[in-house]
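K.L.:
build me a model:
(one chain, ligands or ions: 1)
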Amino acid sequence: MQNRLQVNSALERLGTETAFEVLARAEALAAEGKDVINLGIGQPDFKTPPHVVEAAMKALRDGAHGYTPAAGIPALRQSVSEDLFKRHNANVDPSQILITPGAKPIMYFAITIMGEPGTEIMYPNPGFPIYESMIEYTGAKAVPIELKEDAGFAFDADTVLAQVNENTRLIIINSPANPTGGVVPKATLDKLVEGLEKFPNLVILSDEIYSQMLYDGEIHVSLLDYESIRDRLIVIDGWSKTYAMTGWRLGYGVWPTTLFDYAERLAVNSYSCPNAASQHAGIAALTGPQDQVGEMLEAFDTRRKAVVEGLNQIPNITCVMPKGAFYAFPNISATRLNARELQQGLLEEAGVALVAGTSFGALGEGYLRVSYANSLENVEESIRRIAKYLS
Ligand code: PMP
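P.N.:
Residues are numbered from 1 along each chain as shown. Next up, the predicted model:
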């Protein structure tokens, strides 16, 4: 028998992202010849725009084969700065922009930099699972920001502010949100920011990876709009969702000058620099035609309506209309099945891959996450399968 090797005990507290397990199981079932529709993983089903692919191929042909600066190539950081000015009217110096392999390392870095035993970090629950996982890993206390269905999965600013104390180091906001599709109203953000002005040492991490995925004419409110917190604001955004580039691994963070060096140092200590060809593709995505961004959003909007309407017709399921991202978060509590059981049953017996709400935190019990980044036909077929399974 093999000895259990001694490892850093903090790893016992590290969580995971179940969507990848569901994806692996769905692919294994498909490899066995089973017909599985995947509404589990959060990635656009569109191809990366051809001019973006071409830019990467050209970069490789032209010899972009080496390491780049750890923070990313200057031309890309400049393009991000210009894009932020164009979209949010925000003045962000390229020196504050850290290009990363996907957006995820920004949350890893931010939470690692701010969290340690004796401190508190507030995070959305249900929310992207890596927030809670990383907070626990650092030994900080994970304090949930409760997102409620009857508030469109936004939070109440007063409730959040009442939980902030002198140990709170970091507060994480994600709008539009994974897994709920919720969007935090501007009035709530105004109130939150005003309240946070009384806690000048608290850092804010705003995950805006779905900033270009809003429906019904909603306009994205970036926390970059609030000058009073800019010196302690970290913003996450990137290419994965907007340009259908999840596999390219390219994202970025906007950092306060005082924290940038720590983040860059963590980059050098872990991956050295982002992929060179992807960075050239990133420039083309930001500076080239934006047609596909709008086309994709239109397709998601059609599916969003179909998925919500379809789910609401299934007995014991109700679903509020999400305002952003490409997720619906139906309430399944009346089925009397727990989220995990329903996830398993639907995958193994009905051929529909979805993710249990509990994969996004304890407050996700009673919900499933449906990613409608799949064809309208598949979305409609999965609704039929779910209805049949539950009847
Ligand atoms: N934040 C949120 C809220 C997400 O949903 C995701 C991806 N699922 C990410 C960050 C990470 O994006 P990336 O793939 O660029 O690392």
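K.L.:
which SS class is Pro322?
P.N.:
Under DSSP: H, G, I helix; E, B strand; the rest coil, the three-state class of Pro322 is coil.
K.L.:
just checking, it touches Gly182?
P.N.:
Yes - shown here, Pro322 and Gly182 form a contact pair, counting by CB atoms under 8 Å, at 6.8 Å. Backbone N, C-alpha and C define where each C-beta goes, glycine included.
K.L.:
joint contacts of those two?
P.N.:
Phe153, Pro176, Phe329 (CB atoms under 8 Å, 6 or more residues apart in numbering).
K.L.:
quick one: which of those residues has the most company?
P.N.:
Pro176 (28 neighbours; other CB atoms under 10 Å).
K.L.:
what's across from the nearest residue to it once chain neighbours are set aside in the sheet?
P.N.:
Distance criterion CB to CB, 6 or more residues apart in numbering; nearest residue to Pro176, sequence neighbours excluded, is Gly324 at 2.6 Å. Judged by DSSP bridges, the bridge partners of Gly324 are Leu214.
K.L.:
swap in Asn174?
P.N.:
Bridge pairing for Asn174 - DSSP bridges - gives Asp207.
K.L.:
hang on, the earlier thing: tell me which of Pro322 and Gly182 has more neighbours.
P.N.:
Shown here are Pro322 and Gly182; by other CB under 10 Å, Gly182 has more neighbours (29 against 26).
K.L.:
hang on, the earlier thing: which of the shared contacts of Pro322 and Gly182 sits closest to the ligand?
P.N.:
Pro176 (8.7 Å; CB to the nearest ligand atom).
K.L.:
wait, that closest one touches Tyr210, no?
P.N.:
Yes - the criterion here is CB under 8 Å, and Pro176 meets it with Tyr210 at 4.0 Å.
K.L.:
where do the contact lists of those two overlap?
P.N.:
With CB under 8 Å, 6+ apart as the test, Pro176 and Tyr210 both reach Gly324, Ala325.
K.L.:
next one: whichever residue of the chain sits closest to the ligand from Phe109, what distance?
P.N.:
For the chain and the ligand, the shortest gap (CB to the nearest ligand atom) falls at Gly102, measuring 2.9 Å. Distance from Gly102 to Phe109, counting by CB to CB, to the nearest Å: 12 Å.
K.L.:
so for those two, which sits in the more crowded spot?
P.N.:
Taking other CB under 10 Å, Gly102 and Phe109 do not tie; Phe109 has more neighbours (25 against 21).
K.L.:
host element of the more buried one?
P.N.:
helix 104-114 (DSSP states H and E).
K.L.:
so how far is the next helix or strand after that helix off the chain centroid?
P.N.:
With elements assigned by DSSP H and E, the helix or strand that comes after helix 104-114 is strand 120-125. Computed by CA atoms, centre = their mean, to the nearest Å, the chain-centroid distance of strand 120-125 equals 15 Å.
K.L.:
show me what strand 120-125 is packed against.
P.N.:
If contacts are counted by 3 or more CB pairs under 8 Å, 6 or more residues apart in numbering; DSSP states H and E, strand 120-125 sits against helix 129-138, strand 141-146, strand 168-174.
K.L.:
excluding chain neighbours, what is closest to Ala64?
P.N.:
Ala276 (4.5 Å).
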